[in-house]
Structures are given as structure tokens and as C-alpha cells.
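kindly return the folded structure for what I paste below:
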Amino acid sequence: MSDLKIFKDVEELIDALAETIIEVSQKAIKERGQFNFVLSGGSSPKKLYELLASDIFRHRIDWKKTYFFFGDERFVPENDPQRNSMMVEEALFNPLKIKESNIFKVNTSDLPEKAAHSYMESIKSHFGERSIEFDFILLGLGDNSHTASLFPNTAVLEETEATIRSVFVEEVDMFRITMTAPLINQARNIAFLGFGEEKSDAVFHVLEDRSGSVHQYPARLIKSNEKNVQWFLDSSAASKL
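Residues are numbered from 1 along each chain as shown. This next block holds a predicted model:
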């Protein structure tokens, strides 16, 4: 079973998750000189990013030694408001004045396959001779149990290589660029963020349900029996456990 952390409300949850990120960042910078942080898109983490950029928290992370990556991205033009990076820019990067050289975005100016390949090459270049082990990967959970852009019944769920792939997701009628499950699973720390009753079915299917498969509930691909995977949930999202 994963490390479950259940909170009475969203504010308490977000505060605890921010503290965890700060602790991991300080340890990573002390031991390896930098903090490699993979961000999640969607609406759920926006409050977290705003909190990290607030006066209370912003001085507790060495942002100059922090490098940002995206677990997935929508294949839309650079300035499209649907992009995960646009939300993060507004909530985190701009308030903290993060340098562009510290931010690894997906270039969507070419074909999806090219975007995936180029993103993986930029990640390899950053890590150099070191193995690609991100210090902290933040993941969301969709109502359909997807995480990153690992959607139900898509070919990318079969991927065994730790890399970046493009995938066409029929249910949203869009190409997505995503980290594969093996790449995510190499991370030193992984945290799922979920709140609200609408997440409760997905949380149950991923964590406790013994029926179905990873093709139905893709977040099961993220190793759940390891100490480095934590779930940050409010009581509503955890109500069916």
C-alpha cells in the first residue's frame, strides 16, 4: 500500500504537500547541488504553486538551483491557454521570476513524435552522465484514473522504456506528450495530489479495487508498494477507501 496522507480540507492538504516539497528540495540541493522538480498540470495543483510562490514559502527553496519539468503537456501552440506550462507560469514562474534556463518546456512547434523526442533529449542533456532520477514528481489523478497523459486504453500504457512519448487520446481528441510510467517510476519521490468527492471513485479503483486492469486504471502503473510514493488526499477524495 502506498503512503496515504489524508487531510480534513484542501488548505491543510496543500500546506502539508508544500512542506514535503520544501524538505525534499533542501535535501536534494544539499546532497546533489540541484532540485529537479516535475510539475503536474490541470487545475488541482494551482493552489499549491501559488502557495509555494507566496511570501510565507518562497524563501524556503533555493529557486536558482531548482529545475522544472513537466510530466505531460497538451500538444497545442506555445501560447495556448490549454498548455500546462501557461498555468504554471502565471502561478509560479512569473511571481518567482524563474529564469528560462531553469524551465524545461515541451516544444510543440513540430510533429508530436518530434516534440517527444526533443523533450527527452533535453532531459538527457540536463542529467548528463547521471541516471535520470527526478527528485520529486507531482502527479494528478483524473476522474477516469489517468495520471500524466497515461489515459485508459492507450498504447503508451504498454511502454517499457523510461522515456517521453506522444500519444493521441481519443477521449479528449488531442495529442499529448507524456512521461512514460517507467520514467516516472525512476523518481526519488512521487506524490499524487487529489481532492474533492469527484476523485473518490478513481482513488478507490487505483488503490483498493482488485478488479479491472491498468488499461482501465492507468495510475496503477505508478509503483504503489514503494516508500517513495505518497498520496495527498482530502477526506472527500479518500471517502471510498
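
tell me, please, the helix or strand in this protein that averages the lowest pLDDT.
Least confident helix or strand of the chain, by mean pLDDT, DSSP states H and E, is helix 84-88 with a mean of 93.

and the next helix or strand after it, what's buried?
Using DSSP states H and E, the helix or strand that follows helix 84-88 in sequence is helix 94-96. Using 16 or more other CB atoms under 10 Å as the test for burial, helix 94-96 gives Leu96. No exception for glycine: its C-beta is placed from N, CA and C like everyone else's.

right, and the helix or strand after the strand or helix carrying Ile184?
Using DSSP H and E, the element containing Ile184 is helix 181-185. Next helix or strand after helix 181-185 toward the C-terminus (DSSP H and E): strand 190-194.

on that earlier part again, the helix holding Ile184 packs against which elements?
The criterion is 3 or more CB pairs under 8 Å, 6 or more residues apart in numbering; DSSP states H and E, and there are no helices or strands that helix 181-185 contacts.

name the residues that touch it?
Applying CB atoms under 8 Å, 6 or more residues apart in numbering, the contact partners of helix 181-185 are 71, 132, 137, 139, 148, 150, 157, 159-164, 190, 218, 221-223.

now do Ser224, the pLDDT please.
pLDDT for Ser224: 69.

same check, this time on Gln82
91.

and the gap between it and Gly33?
Per CB to CB, to the nearest Å, Gln82 is found 35 Å from Gly33.

give me the more crowded residue out of those two.
A direct count of neighbours by other CB atoms under 10 Å for Gln82 and Gly33 places Gln82 higher, at 14 against 8.

my guess is the more buried one contacts Arg74. True?
Yes - at 5.1 Å, Gln82 and Arg74 qualify as touching, with contact defined as CB atoms under 8 Å.

okay, now the unreliable bits of this structure?
1, 224-226 (pLDDT under 70).

let's see 80
1-2, 224-227 (pLDDT under 80).

helices of that one, residue ranges please.
Using DSSP state H, the helices of the chain run over 10-32, 46-52, 84-88, 94-96, 112-127, 181-185, 200-207.

just put those helices in JSON lines and tack on distance to Ala237.
As requested, the helices of the chain are arranged in JSON lines below (distance: least, CB to CB, whole Å):
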{"stretch": "helix 10-32", "distance to Ala237": "9"}
{"stretch": "helix 46-52", "distance to Ala237": "14"}
{"stretch": "helix 84-88", "distance to Ala237": "21"}
{"stretch": "helix 94-96", "distance to Ala237": "27"}
{"stretch": "helix 112-127", "distance to Ala237": "30"}
{"stretch": "helix 181-185", "distance to Ala237": "20"}
{"stretch": "helix 200-207", "distance to Ala237": "5"}
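
nearest to Leu241, out of those?
Closest approach to Leu241 among these is made by helix 200-207 (6.2 Å; CB to CB).
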